[in-house]
Structure formats: C-alpha cells, structure tokens
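Peer 1: When you get a sec, could you give me coordinates for this:
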Amino acid sequence: MGEETKDSWSKTQILLPLVIALVGGIFTYSQHQSDVNRLKQDKVESESRLAQQEKNEVEKLKADRAITLLKHLSSDNERERFLALKFCGHLISKEQFPLEMLEVLEQIRTDDKNPENQKAARDSLVKGAQTTVKTAQQNIAIQRAAANVAPEIINNLPARIYLQFQREMPRDQAEEIEKMLEAKGWNVPGIEAVNQVPSQNELRYFAGGNNTDADVQNIVQILKGLNIEVKTVDLSKNYPNSKTRPRHYEIWLSKNS
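Peer 2: Below is the predicted model of the structure:
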C-alpha cells in the first residue's frame, strides 16, 4: 500500500508542473487573444471616427461650395453668372458638384435672359444628368433634381445599357458583349453576374423617349450580329412612377446564351 501511495505521489509530482504549464499557457493565450481583439476593436473604432470626420469635412465642403455658387449664380453681373455656370460644369465633370443644385441650374436655364448663360446652364445640366452616381444619397439627389430638368434635355441623353448575365455563364463572354456594344458607341456602365435570370434573353426598358424605338432596333441588331436573340420588354406601364430616365436599357442574358 505504501508503494502505491509513493507511486501515486511521484506521478502527481510529474503531472503537476505539466498541468500548471498548461493552465498558464491557456491563460497566456487567452490574454493574448483578448489583447488582439482589443487592438482590432480600437482600430475599427479609430477608422470609423476618421471616416466620419472625413464625411463631415466633405459635407461641409459641399455646403460651403453650394453657398459660394449660389452667390455667384444669383449675381446681377451676367459675366459672373456665366463663369459660375462654366465652373459648375467643371465640378460636375469631376463629380464634385452638389447635385442638389441641379434644380438651381434648371431655373437659370429657363429664367436667365442671356442666351449664353442659358446654354451654359443647359450644358451643365446635361453633364449632371449623365453623371455616374456612386452613392444612394447622391442617387436620391439627382433623381429629385432630374424630375425638374426640362424634358428635351432628358429625352436626348446618351443611351446607357446595363448588362446582367447568369452567374454560371463565363464572365469573359459577357465582357465580349460589353466590348461590342461600346465599340458601337453605347455606354455600358457595368456588367453584373446574378443568380436569377429569365428563361430567355431580354432587352428591358422602363421609360419611353424620343429615341426609344430606334435604340431598341439598334441594340437588337447588334446582338443579332453576336448570334444572340433577345425579347424586347417594355416595362414603362408596369412602373408608371419610375424615376428611371429615358434611354436606360437592361440586357438580361439567360443560361442558354
């Protein structure tokens, strides 16, 4: 019995340091993970603060710019108004223009007695309506402003085509179609792989315009040249209050393209 007790004690003496080392290792690892997680959290919070500060600075810059532009656009001096309108066009081309002010440009286009200023305002409006919108906030702003832009401007905007294709379809095939459309002078802002597509290829449009019929025929002919048959789908009646501008088209490619 004494020998068993002695052996047991010996085993305990051997195992005890291992247990202590194991527990210590687990504690050290836990502390390390806690430190890593805390550093990650601090980094996320710091980046969030910096992003918010940057956003606030951008919004302040936009507000200051809008106030300055309004001052010059409402000047009694025709030359000053003209230069301000040209500067608006420059800001729009650089995507730095407060899009909420498109309505102001439309008001100038219709009310200004100087033909040169009217043309400058119109040119800036066309650029504004063509601007690629990158954020939801900007999208809402340009939609609201575009609602008041003269129909003759909207109806004569360059056409644009968005291309959706079934995710299982090779992307390079969709890119070839994109290149062909662009080579024919069409604006293709982007292509997108999606899970759900119609059973057959479709060319969709949501708002009619002066050029719609001709656009549809041209797009259909280009696709036929690529051995792609499409069904044209007029959705303007389905979305009577749609904010989608005229000459906006969507090509949906089925699995069997």
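
Peer 1: Please settle this for me: is residue 251 part of a helix?
Peer 2: No - with DSSP: H, G, I helix; E, B strand; the rest coil as the criterion, residue 251 is located in strand rather than a helix.

Peer 1: Run a quick neighbour tally on it.
Peer 2: Residue crowding around residue 251 was assessed by other C-beta atoms under 10 Å; the count is 24. C-beta here means a position set from N, CA and C on the backbone, and glycine is covered the same way.

Peer 1: cool, and residue 107?
Peer 2: By other C-beta under 10 Å, the residues close to residue 107 number 14.

Peer 1: and it, what element?
Peer 2: Assigned by DSSP states H and E, residue 107 belongs to helix 102-111.

Peer 1: That helix packs against which elements?
Peer 2: Counting contacts by 3 or more C-beta pairs under 8 Å, 6 or more residues apart in numbering; DSSP states H and E, helix 102-111 is packed against helix 2-73, helix 78-93, helix 115-130, helix 136-146.

Peer 1: quick one: average pLDDT of it?
Peer 2: Mean pLDDT, computed over helix 102-111, is 79.

Peer 1: buried set for that helix?
Peer 2: Residues of helix 102-111 classed as buried: 102, 103, 104, 105, 106, 108, 109 (neighbour count, 16 or more other C-beta atoms under 10 Å).

Peer 1: Stretch 219-239 too?
Peer 2: Applying 16+ other C-beta under 10 Å to stretch 219-239 flags 219, 220, 222, 223, 228, 230 as buried.

Peer 1: any residues touching that stretch, and which ones?
Peer 2: With C-beta atoms under 8 Å, 6 or more residues apart in numbering as the test, stretch 219-239 has contacts from 161, 176-177, 180-181, 184, 186, 200-208, 216, 242, 249, 251, 253, 257.

Peer 1: From the residues you listed, which land in helices?
Peer 2: 176, 177, 180, 181, 216 (DSSP state H).

Peer 1: Which of those are buried, as a ChimeraX select command?
Peer 2: Of the ones in helices among the contacts of stretch 219-239, the buried ones go into a single ChimeraX selection, burial set by 16+ other C-beta under 10 Å:
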select :177,180,181,216
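
Peer 1: Next, format the ones in helices among the contacts of stretch 219-239 as CSV and append distance to residue 39.
Peer 2: CSV is the format used below for these (distance: C-beta to C-beta, whole Å):
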residue, distance to residue 39
176, 47
177, 47
180, 50
181, 49
216, 57
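
Peer 1: which of the helices and strands packed on helix 102-111 has the lowest average pLDDT?
Peer 2: Note on these: lowest mean pLDDT is at helix 136-146, with a mean of 51.

Peer 1: Can you give me the domain assignment for this protein?
Peer 2: The chain breaks down into these domains under automatic domain parsing: 74-154, 158-253.

Peer 1: quick one, which of the ones you listed is packed in tightest?
Peer 2: Greatest average neighbour count among the domains of the chain goes to domain 74-154 (a mean of 17), per mean count of other C-beta atoms under 10 Å.

Peer 1: So what touches stretch 112-119?
Peer 2: Defining contact as C-beta under 8 Å, 6+ apart, one finds that stretch 112-119 is touched by 78, 81, 82, 85, 108, 109, 110, 121.

Peer 1: how about the nearest residue to the last one once chain neighbours are set aside, what does it touch?
Peer 2: Of all residues beyond its chain neighbours, the one nearest residue 121 is residue 109 (3.9 Å), with distances taken as C-beta to C-beta, 6 or more residues apart in numbering. Residues counted as contacts of residue 109 (C-beta under 8 Å, 6+ apart) are 118, 121, 122, 125, 150.
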